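Build me a structure from this.
(one chain, ligands or ions: 3)
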Amino acid sequence: MNILVINAGSSSLKYQLYSMLDESVLSKGRVERIGMETAILTHETAGKPEIREVNEILDHTTAIRKVLEMLLHKEHGSIRAVSEINAVGHRVVHGGEVFSSSVIVTDEVKREIKKLFDLAPLHNPAHMMGIDAIEINLAAILQVVVFDTAFHQSMPAKSYLYPIPMSLYHKHKVRRYGFHGTSHEYVSRRAAAFIEKPLDELKLITCHIGNGASCAAIVNGQTLDTSMGLTPLEGLMMGTRSGDLDPAIVPYTMGKEDLTLNEVNSMLNKHSGLIAISGISSDMREVEKAMGEGDKNAKLAFEMYEYRLRKYIGAYVAAMNGLDVLIFTAGVGENSVLLRQTVCRQLTFFGVELDEELNQVRSSQERRISTSQSKVQVLVIPTNEELMIARETYRLVK
Ligand SMILES: Nc1ncnc2c1ncn2[C@@H]1O[C@H](COP(=O)(O)OP(=O)(O)O)[C@@H](O)[C@H]1O
Ligand SMILES: CC(=O)OP(=O)(O)O
Ligand SMILES: [Mg+2]
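Ligands and ions are numbered 1, 2, ... in the order given. Here you go, the predicted structure:
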């Protein structure tokens, strides 16, 4: 059985085609800059060179059509007919309280996902475009949605409730949900396997530090707490998102700057975080480069980013009354030697002892970066949300 996994963003669409016989990736790629003047499609089939096409791609329906053309390509493709795709699995960021596990897409499921648009404005509308685009291009195919929020549904009330009037929870489901759950679940399981200990005997902190970033305290293989909340805005400082702040800033800046609700929302989601403080980029690579060249704002942005992450780690050690494994994953977590070094060097009080040399190694493998005496094991575990989505899709459709 072949499963196509889609992670649709507002202007991008990432895909991987899996053969579930051996969970191998037949082809993968991404379309970037959808809706802009020139879109870029990058496609790769196992054992063949990567190809790039620059084209105008106005919407997600066209993007999916292009992806299918690539998958069927005589030279660069991996299948001969679309009928060789048996099901499609989608990442959906917000599943609210309605979805605590993956489901097959129906009209009812689509209605529920649409109700959650307000709560994940950068994500859910884009996922819906991906689901609709598949429906248009591959009419009768079975589609499955896998939610970022599902894994965190195990959080206890003391973690998921906000200390505000309970009527807001009862009437509008205002609570903390947490995101990147597919990734936190995957890396926590892999970490337990890596150190050869049962997951239900471990206290772990998983740091998913990508463009969006969140960390989670995991006990008995379940989320005790996680840094994102009602929406993916709470918690850590991110590429373009503020993370935690005093909620009074919202009405205060609205008054002072004469902003609308939409404008403040956009400021906090799209124009804050690394980009706001560095004035350079939301991309950690560029921030680190500028910092290396002596840029003061880039240095401050990095310091704030690292400090806020480290404070969460400290809080979660207290929340769990201990820590066995600290895990770094996603774009920044897997690749930034400097971020891991800066964080770990200042966690010695908790028994974290970084092996500076192991931390410098650049690799896409799962690896330990703490010394053999370190009380807390520090691991880098490359995340694989796509594989988790393929497995969930397979489980539901087979
Ligand atoms: N070598 C590197 N050093 C530091 N940061 C990196 C490096 N490579 C990638 N990144 C960071 O990873 C981020 C993307 O992470 P990723 O997990 O792919 O995000 P998303 O899935 O949310 O798009 C980029 O914004 C970039 O800042
Ligand atoms: C939930 C979330 O923040 O996702 P991403 O990191 O893909 O933006
Ligand atoms: Mg990601």
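
Going by C-alpha atoms from here, please, whenever you check contacts or count neighbours.
Will do.

Quick one, grab the pLDDT at the closest residue to S100 other than its chain neighbours.
Of all residues not flanking S100 in the chain, A150 sits nearest, at 4.4 Å (C-alpha to C-alpha, 6 or more residues apart in numbering). For A150, the model assigns a pLDDT of 97.

so A150 makes contact with V98?
No. With contact defined as C-alpha atoms under 8 Å, A150 does not reach V98; the gap is 9.5 Å.

Neighbour count for those two, which is higher?
A count of neighbours by other C-alpha atoms under 10 Å puts A150 above the other of A150 and V98, at 25 against 11.

next one: phi and psi at the more buried one?
When read as degrees, to the nearest 10, the backbone of A150 gives phi -60, psi -50.

Show the contacting residues for it.
When contacts are counted by C-alpha atoms under 8 Å, 6 or more residues apart in numbering, A150 touches 95, 99-102, 181-182.

Check the spacing between K203 and E366 real quick.
Distance check for K203 against E366: by C-alpha to C-alpha, to the nearest Å, it reads 19 Å.

For the host helix or strand of V144, name the packing helices and strands.
Element membership for V144, per DSSP states H and E: strand 142-147. Under the contact definition 3 or more C-alpha pairs under 8 Å, 6 or more residues apart in numbering; DSSP states H and E, strand 142-147 sits against strand 87-92, strand 103-104, helix 385-397.

For ligand 2, give me its nearest residue in the stretch 51-200 of the chain.
For the stretch 51-200 of the chain, the residue closest to ligand 2 is F179, as judged by C-alpha to the nearest ligand atom, at 5.0 Å.

Who are the contact partners of that residue?
By C-alpha under 8 Å, 6+ apart, F179 lies in contact with 93-94, 148-149, 152, 214, 228-229, 232.

got those as CSV, with distance to ligand 1 and neighbour count columns?
Output for these, formatted as CSV (distance: C-alpha to the nearest ligand atom, whole Å; neighbours: other C-alpha atoms under 10 Å):
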residue, distance to ligand 1, neighbour count
V93, 11, 30
H94, 15, 31
D148, 12, 26
T149, 15, 25
H152, 18, 27
S214, 11, 29
M228, 14, 24
G229, 17, 24
P232, 11, 27
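
Could you list which of those belong to strands?
Taking DSSP state E as the definition of strands, those contribute S214.

Taking the contacts of F179 together, which two end up most distant?
Farthest pair in the contacts of F179 (C-alpha to C-alpha) is H94 and S214. Separation: 14.5 Å.

For K203 and E366, indicate the residue with more neighbours.
Using other C-alpha under 10 Å as the criterion, K203 and E366 rank with K203 on top: 24 against 17.

now the helices: where do they sit in the stretch 101-250 of the chain?
In the stretch 101-250 of the chain, the helices defined using DSSP state H, counting those that start in this stretch lie at 107-115, 124-137, 157-160, 166-172, 181-195, 249-257.

residue contacts, the residue nearest in space to the middle of the chain?
In the chain, the centroid-proximal residue (C-alpha atoms, centre = their mean) is H180; its distance is 4.4 Å. Shown in contact with H180 (C-alpha under 8 Å, 6+ apart): 93, 148-149, 208, 214.

any idea how far ligand 1 is from it?
Noted for H180: a distance of 9 Å to ligand 1, by C-alpha to the nearest ligand atom, to the nearest Å.

check contacts around the residue in the chain that ligand 2 sits nearest to.
Nearest residue of the chain to ligand 2: G212, at 3.3 Å (C-alpha to the nearest ligand atom). If you count contacts by C-alpha under 8 Å, 6+ apart, G212 has them with 232, 238-239, 241.

what does L326 give?
204-207, 376-379.

which of the contacts of A150 are buried?
For those, a burial check counting by 16 or more other C-alpha atoms under 10 Å picks out 95, 99-100, 102, 181-182.

residues contacting I131?
Shown in contact with I131 (C-alpha under 8 Å, 6+ apart): 90, 143.

begin at 35 from here
With 35 as the first residue, the last one maps to I165.

Need the residues that contact stretch 393-402.
With contacts defined as C-alpha under 8 Å, 6+ apart, stretch 393-402 is touched by 228, 368-369, 371, 374-375, 392, 403-404, 411-416.

For I68, the count of nearby residues, please.
Per other C-alpha under 10 Å, the neighbour tally for I68 reads 23.

same thing with G277?
25.

now do F383
8.

just the one 4 residues further on next, same as before
Residue crowding around E387 was assessed by other C-alpha under 10 Å; the count is 22.

Could you tell me the per-residue confidence at the residue of the chain closest to ligand 2?
G246 is assigned 93 on the pLDDT scale.

Show me what from the stretch 235-384 of the chain comes close to ligand 1.
Residues of the stretch 235-384 of the chain found near ligand 1, taking C-alpha under 6 Å from any ligand atom as the criterion, are 244-246, 317-319, 364-366, 369-370.

mind redoing it with 8 Å?
Residues of the stretch 235-384 of the chain found near ligand 1 (C-alpha under 8 Å from any ligand atom) are 242-247, 273, 316-320, 322, 363-371.

Is there a quick PyMOL command that grabs whichever of those are buried?
To isolate the buried ones among these in PyMOL, judged by 16+ other C-alpha under 10 Å, type:
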select buried, resi 242+243+244+245+246+247+273+316+317+318+322+363+364+365+366+367+368+369+370+371
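
Which SSE is immediately downstream of the strand or helix carrying H77?
Assessed by DSSP H and E, H77 sits inside strand 73-79. With elements assigned by DSSP H and E, the helix or strand that comes after strand 73-79 is strand 85-89.
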